[in-house]
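**Q** Fold the stuff below for me.
(chains A and B)
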Amino acid sequence: MAGVAQVRAFPERAVPVRAVPERGARVEAWRRRVRRFVMFVLALVVLAALWEGYKWFGRSVDDHVFGWRLPARSDNGSMPHVWDILRRFGQPERRGTSHSIGATVAAGAWFTFRVAMAGFVVGVVVGMALAVVMQRFRVAERGLLPYVVLSQTVPLVALAPLVVGWGGNLTLFGVRWQLWMSVAVIAAYLAFFPVAIGGLRGLQAPGDEAVELMDSYAASWRQTLLKLRLPAAVPYLVPALKLAAASSVVGAVVAEISTGTKGGIGRLIIEYSREATSDPAKVYTAMIGAAALGLAVAGLVGMLDLIMMRHRPPVGSET
Amino acid sequence: MRRSTPKIPLLGVVAVVALLVAGACSSSKTATTATTVAGGGASTTAAGGALKTVKLQLQWFTQAQFSGYFAAVDQGFFKKHGLNVQILEGGVDIVPQTVLAQGGADFAIAWVPKALASREQGANITDVAQIFQRSGTLQVSFKNKNITAPADLKGKKVGNWGFGNEFELFAGMGKAGLNPGKDVSLVQQQFDMKALLSGDIDAAQAMIYNEYAQVLEANNPATGKLYQPSDFNAINWNDVGTAMLQDAIWASTDKLKDAAFQDTTVKFIEASIEGWAYCRDNPAKCRDIVVAKGSKLGNSHQLWQTNEINKLVWPSPKGAGYIDSADWDRTVQIAMGTKNADGKTVITKAPDAAAYTNDYVTKALNELKGAGVDVNGTAFSPITVTLEPGGN
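**A** Now for the predicted structure:
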């Protein structure tokens, strides 16, 4: 990509394009990663300790402090022990089967991950297309932007059954519409928004002088887009993509719960929560699975961040 | 300045998206095909005619509440009548009668009062078979609360689910002379029974085939064993006389004007009732069929549910699926006359004559009797189910 354009896009940050990091810097980066991982594990341990500590405290005061009831009950029915939850992962889902809850939760998370990623890809394509159209035509920006914002105020629980209803009798490219596609559409519906907004902001980021330079080269609209506007949009797109990835997971899980789509982690949460009365630890396995899925997606987008921003000064490096 | 038209290869983008979608589709085929249940592999009947594909929308996930339909698929009853039935599972926000009215399904399973409410709002649907002859809703309380009749609810914390699931309770309280707004403290209930067990609710709503079993699968901290039925009182609305009709088969009123669809409806009801008769006579096998279709509920819980559902369907003196006008009228009367916590009734005026019909179920029952199927279940006796911890 044109380095000139990138620098021009950030006149206030006239740092030259960084060379390959030195050995010392690389070691430092690794150290930082290891430290971050240790902190992550430590945070989990602290969380578990807090959980058990609250339980112990609640039990010893019978959930009442100065006559006030604690916000959450601490008995085993409401807050199962951490080790009970962990043990449930290894136990069979149903009597007489060898299929463990852990395997079911992992399969559910994997299913939801794929659906969410399908939604993410569609959302990013749609969001970028909208951003480009809105950047290109002022009229489109004025006409579309309010609706793009409005789209996010529609409650998902109202939208999900509608999407399922529309998809009911649809055949696309010879493939019968499946329920998971409706879930992916809902994930995309949440994911396109930050990309459209961030993308538009990013595409509009180059200053007048940069655009005028391109014009003086008689650069076509497409050349300006590819060589100036898109590279300039990257710092805006990275956080937008992070948001979009997180939204697509949330959208997929909520849509699964809403529409009862079989196979995913959202469906497992609702199925297991129905058994919460008699088997309280079970529902937490599904919730942990959903949390792990969210972390995995956040990690993946973090890698995307590293790749997309590798030739740029790290944020805050000037300070 | 030159502004050339963008030359973004739009077709290329579309192709990439299509590929991605198709790729994701094929890779998750095993999971998605499980969501619909096709009637066997072959697409033709033994006689050689093509099978007619029919979609049935359930109210909820696969569970024994719908065992008759799953059994009819599994045992080939639908296929015998030339039908290839796809069973669509419900979800938290899936309203079966709405899916039906929008054409997303040919038949739907729905509670009568809720379907009547949708009907009043414009869903043009008809009850063609009343599979559940009795209501499965209870009001469960610990024995020491001494709540054996609706009048005993006075001054108690009374749980209710809301969302149209509460009208039997409110009618029962009204019948006992209680004003639900003043005489009891109403508690919005979650869909589990923790609040009852922890004492936040004195009397909780429970379906006899699900939530009640969950209570009996939970550990009693006082004894270290499971809770026993003797630990509880349960008010049964069938006994109080404020029961409302629940699971029924609904079809589109407009489509029923078509002779071919009328024929399909008779066949669908006929095969369904045969499925329910199969579950009555083979509860354990029926449970296994439902489990094989991917229900997550435990084995003993599922068998309990099969057995309790059987009790709601059988015996059926006028024939399974027959809509008893007295039951119907009582349901309509409660739906019109009982106000819930928000002061709302289910419906504001009596439904018209097209709301239910016994035409098709009568034909189906005659055919079944001719084929030697017991459609009354006079000799039906429920089995005894031992619940395991966690319903396992």
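
**Q** nearest residue to the closest residue to chain B within the stretch 151-300 of chain A other than its sequence neighbours?
**A** Scanning the stretch 151-300 of chain A for proximity to chain B using CB to the nearest CB identifies residue A:260 as nearest, at 2.5 Å. Where you see a C-beta, it was placed from the backbone N, CA and C, and this is true even at glycine. Ranked by CB to CB, 6 or more residues apart in numbering or on different chains and with sequence neighbours excluded, the top spatial neighbour of residue A:260 is residue B:91, at 2.5 Å.

**Q** Look at that neighbour and say how many residues are nearby.
**A** Number of residues near residue B:91 (other CB atoms under 10 Å in any protein chain shown) recorded here: 26.

**Q** And residue A:41, by the same measure?
**A** Burial of residue A:41 is recorded as 9 neighbouring residues (other CB under 10 Å).

**Q** That one - that's part of a helix, no?
**A** Yes - secondary structure assignment places residue A:41 in a helix (DSSP: H, G, I helix; E, B strand; the rest coil).

**Q** how far away is it from chain B?
**A** In this view, residue A:41 and chain B are 31 Å apart by CB to the nearest CB, to the nearest Å.

**Q** cool, and residue A:116?
**A** Distance, residue A:116 to chain B, using CB to the nearest CB: 11 Å.

**Q** quick one: pLDDT of that residue?
**A** The confidence metric pLDDT takes the value 95 at residue A:116.

**Q** Need the per-residue pLDDT for whichever residue of the stretch 151-300 of chain B sits closest to chain A.
**A** Closest approach of the stretch 151-300 of chain B to chain A (CB to the nearest CB) occurs at residue B:217, with a separation of 3.7 Å. For residue B:217, the pLDDT comes out at 92.

**Q** wait, what's in contact with it?
**A** By CB atoms under 8 Å, 6 or more residues apart in numbering or on different chains, the contact list for residue B:217 reads A:277-279, B:226, B:298, B:300-301, B:387-391.

**Q** Just give me the neighbour total for the residue nearest to it when sequence neighbours are not counted.
**A** Nearest-residue entry for residue B:217: residue A:278, 3.7 Å, with adjacent residues in sequence omitted and distances by CB to CB, 6+ apart. Neighbour count for residue A:278, taken as other CB under 10 Å: 29.

**Q** so residue A:278 sits in a strand?
**A** No - counting by three-state DSSP, residue A:278 falls outside a strand, being coil.

**Q** what helix or strand is residue A:194 on?
**A** helix A:179-203 (DSSP states H and E).

**Q** Show me what the helix or strand following that helix is packed against.
**A** On the C-terminal side of helix A:179-203, the closest following helix or strand by DSSP H and E is helix A:208-216. Counting contacts by 3 or more CB pairs under 8 Å, 6 or more residues apart in numbering or on different chains; DSSP states H and E, helix A:208-216 packs against helix A:3-9, helix A:221-224.

**Q** what residues go with each domain of chain B?
**A** According to the domain assignment given by automatic domain parsing, chain B is divided into the following structural domains: B:52-133+B:244-391, B:137-240.

**Q** Mind checking the pLDDT average for the first one?
**A** The one in question is domain B:52-133+B:244-391. In this model, domain B:52-133+B:244-391 has an average pLDDT of 93.

**Q** repeat for stretch B:177-191
**A** Averaging pLDDT along stretch B:177-191 gives 88.

**Q** And for residue 235, the neighbour number?
**A** In the absence of a named chain, this looks at chain A. A total of 20 residues lie near residue A:235 under the criterion other CB under 10 Å.

**Q** Let me rephrase: I mean chain B.
**A** For residue B:235, which is what you asked about, the neighbour count (other CB under 10 Å) is 22.

**Q** Report the secondary structure state of the nearest residue to it once chain neighbours are set aside.
**A** Nearest in space to residue B:235, with sequence neighbours left out and distances taken as CB to CB, 6+ apart, is residue B:139 at 4.2 Å. In the three-state summary, residue B:139 is assigned as strand, counting by three-state DSSP.

**Q** most tightly surrounded among the domains of chain B?
**A** With neighbours defined as mean count of other CB atoms under 10 Å in any protein chain shown, those peak in mean count at domain B:52-133+B:244-391, which reaches a mean of 21.

**Q** Can you give me the end-to-end span of that domain?
**A** Using CA to CA, to the nearest Å, one end of domain B:52-133+B:244-391 lies 38 Å from the other.

**Q** I figured residue B:236 hits residue B:134, correct?
**A** No - counting by CB atoms under 8 Å, residue B:134 is not a contact partner of residue B:236; they are 9.0 Å apart.

**Q** quick one on the thing from earlier: what's near enough to touch the residue of the stretch 151-300 of chain A closest to chain B?
**A** For residue A:260, the contacting residues are A:267, A:270, B:60-61, B:89-92, B:94, by CB under 8 Å, 6+ apart.

**Q** just the strands in the stretch 1-150 of chain B please.
**A** B:52-57, B:83-88, B:107-110, B:125-129, B:137-142 (DSSP state E, counting those that start in this stretch).

**Q** List the residues that contact the residue in chain B that chain A sits nearest to.
**A** Closest contact between chain B and chain A, by CB to the nearest CB, is at residue B:91 (2.5 Å). Neighbour list for residue B:91: A:160-161, A:257-261, B:61 [criterion: CB under 8 Å, 6+ apart].
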